[in-house]
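Generate a structure from the sequence data that follows.
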Amino acid sequence: MLIKSIYHWATQLASESRRDRWINEWYVWPSSIAQLLEKLESMEGCIIGLIGFQGVGKSSALLALKKAMLRIEFQERVKKKKSLIPDSFLEDDGVVLFKWRREPQLLESLVDGTHEVSSYVDSDRAEMLLPLLKRHLPTSQEPSYPEDVNVAWAEMQLGLTKSQIKESRKISWLRVLRWKKMILIDTPDYSKTDKRMMGKDLDGICWLWNYLLNGSGIKPNFVIAIQKEMFGGHFFFDKMIKIDLKPLTSEQMLEAYKKCFKTTDPFTEEALLTLARMSRGIFRRFLRYITLTLDLWMSKTQSKEHIEPEIVKEAVTTKRLADDMELELTELFPKQSELKPQAVQLLLHLSEKGSKNQNQLSEDLELKPYTISRILAKLESHNYIRRTRDGNEKTVNMTTP
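Sure thing, here's the model as predicted:
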């Protein structure tokens, strides 16, 4: 039963596929997100860029912020009313989270009800349509209250065209957002070699921010999740407060597992820490490596009671680590593609052999000292390795998230 639960947990790679309660049950708050939550209560009209590598947990962080802000609102309502309100009464009053869509996808999602704020748009539309229905329909068919209005039926009764429906729902969408205190936007995953689509999305988000900021409603804070690989090259970034979402530490990943299952079984603690170190702080990668290890362990008919680090190293092959590292290092060597596979080779060598001095690395990898220096400088600036001097020699160590 435990194995089945672990498979279910580890195969839900995206936060969107998990049940909402996971935030309360096992989410581990990165320090940067916890600090942002404290600051948000005293901020107004700010644009915050939540910057992190693909798979590091940006969507999860947005969801955690939303849940936490709703709880704060709930507590404030309880204090004002001086009465107890059931916890299930939490409403998305001042906070909204949605995936960014550009037109026409935005308009289509507002019409077909697949947008995250569709229910609010329908409520707003119902209020706008009720007076028109009262004038248009016989008294016997008149709805009495906005909540009695079926929006799709009302639009049909009033003879609205498709273009009129789309435009009116967009107006309602903007009206809904005007009264939100915090707007959380999850941007899509973009191709790392083409920033044009991201640029178009940022243009749209910038327009929305300016529109709401200059309106008569609340001046909302915007928190936008952006791939670290894509950050830069757009004027809107200069307007943002930048929050770096750093990879989780190995200990934090272990904590998430133990919070979820109340045990490390069937892994030993060291096996889970080994998986966490291999994942380099990318939680999605941690989950993938768990399933790879479980598959191998099960295929061996559970030859051992617990999964040891040796099984982990056999399951998560060097090739798999190299493939994942190569994707991760794209941002470090955008104009030096020939250095990327050499950097992967260097990191794998350090992972397997431990610390080495710089001259040894040059000899072991058969690379020129100048090439090694260039690679190490890049890796050190992004906290992949650290160098310490011992006399005339520089010792290179891999950092542990």
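
Just want to check the distance between Ser144 and Leu137.
Computed with CB to CB, to the nearest Å, the distance linking Ser144 and Leu137 is 12 Å. The way it works is simple: take the backbone N, C-alpha and C, and place the C-beta from them, glycine included.

Comparing those two, which residue is more hemmed in?
Neighbour comparison, Ser144 and Leu137: the larger count goes to Leu137, with 14 against 9 (by other CB atoms under 10 Å).

Count the residues that sit near His8.
10.

same check, this time on Leu361
Leu361 is surrounded by 20 other residues when neighbours are defined as other CB under 10 Å.

Help me confirm that it comes into contact with His349.
Yes - using CB atoms under 8 Å as the test, Leu361 is close enough to His349 to be in contact (7.2 Å).

can you confirm Ile48 is in a strand?
Yes - the assignment for Ile48, made by DSSP: H, G, I helix; E, B strand; the rest coil, places it in a strand.

hey, where'd the strands end up in the protein?
47-52, 95-99, 182-186, 221-227, 241-244, 356-357, 385-390, 393-398 (DSSP state E).

Let me know which of these is the nearest to Gln105.
Taking CB to CB as the criterion, Gln105 comes closest to strand 95-99 out of the strands of the chain, the separation being 9.6 Å.

where does this protein have its least confident helix or strand?
Between all helices and strands in the chain, the lowest mean by mean pLDDT, DSSP states H and E belongs to helix 318-328, at a mean of 77.

Tell me how far that helix lies from the chain's centre.
Distance of helix 318-328 from its chain centroid, counting by CA atoms, centre = their mean, to the nearest Å, is 21 Å.

Repeat that for stretch 154-174.
Here the centre of stretch 154-174 is set off from its chain's centre by 33 Å, with CA atoms, centre = their mean.

And stretch 222-238, by the same measure?
The offset between the C-alpha centroid of stretch 222-238 and the centroid of the whole chain comes to 14 Å, using CA atoms, centre = their mean.

contact partners of it?
Residues from elsewhere that reach stretch 222-238 (CB atoms under 8 Å, 6 or more residues apart in numbering): 36, 40, 46-54, 56, 58-59, 61-62, 65, 182-187, 189-190, 192, 195, 198-199, 202-203, 205-206, 209, 240, 242, 244, 330-331.

Among those residues, the buried ones, what's the PyMOL command?
In PyMOL syntax, the buried subset of the contacts of stretch 222-238 is picked out as below (16 or more other CB atoms under 10 Å):
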select buried, resi 36+40+46+47+48+49+50+51+52+53+54+56+58+59+61+62+65+182+183+184+185+186+187+190+195+198+199+202+205+206+209+240+331
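
So what would you say the end-to-end distance of stretch 13-28 is?
By CA to CA, to the nearest Å, the extent of stretch 13-28 from end to end equals 16 Å.

Run through who's touching that stretch.
12, 57, 59-60, 63-64, 67, 248, 252-253, 255-257, 259-260, 284, 287-288.

And those, which of them are buried?
Buried members of those, counted by 16+ other CB under 10 Å: 57, 59-60, 63-64, 67, 248, 252-253, 256-257, 260, 284, 287-288.
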